[in-house]
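Peer 1: Here's my sequence, what's the structure:
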Amino acid sequence: MIHKEMTILQVLQLYPEAYKVLESFGMKCGECMAVGEEDLEKSARRHNVNLLVLLAELNKLAEETNS
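Peer 2: Next up, the predicted model:
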């Protein structure tokens, strides 16, 4: 399960295809220097993204990948 305290790098290491979800929210994480330091909560706030919606989409991807 992906949670708000995970860094973007942690998410991408577990689920490389998560970059598509992040980009769909306008989060170009591959270009950002904070990818290894910033957690999802801070990044969502910085990009004016609804954290709950982001987490739902990321966890949906995680479930699909794990099944």
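
Peer 1: Provide a list of residue ranges in this structure with pLDDT below threshold.
Peer 2: By pLDDT under 70, the weakly predicted segments of the chain are 30.

Peer 1: then the helix ranked longest in the chain to CSV, C-alphas only?
Peer 2: Assignment by DSSP state H gives helix 51-66 as the longest helix of the chain. Taking Å, rounded to 0.1, in the frame of the first residue of the first chain, the C-alpha atoms of helix 51-66 are listed here in CSV:
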residue,chain,number,x,y,z
LEU,A,51,-3.7,14.0,-1.7
LEU,A,52,-6.6,11.6,-1.2
VAL,A,53,-7.3,11.4,-4.9
LEU,A,54,-3.6,11.0,-5.7
LEU,A,55,-3.3,8.2,-3.2
ALA,A,56,-6.4,6.4,-4.5
GLU,A,57,-5.0,6.4,-8.0
LEU,A,58,-1.6,5.3,-7.0
ASN,A,59,-3.0,2.5,-4.8
LYS,A,60,-5.3,1.4,-7.7
LEU,A,61,-2.2,1.1,-9.9
ALA,A,62,-0.4,-0.9,-7.1
GLU,A,63,-3.3,-3.3,-6.8
GLU,A,64,-3.5,-3.8,-10.6
THR,A,65,0.3,-4.4,-10.7
ASN,A,66,0.2,-6.9,-7.8
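
Peer 1: so Leu58 makes contact with Ile2?
Peer 2: Yes: assessed by C-beta atoms under 8 Å, Leu58 is found in contact with Ile2 at 4.6 Å. Any C-beta I mention is one placed from the backbone N, CA and C, and that applies to glycine too.

Peer 1: Thanks again, I'm all set now.
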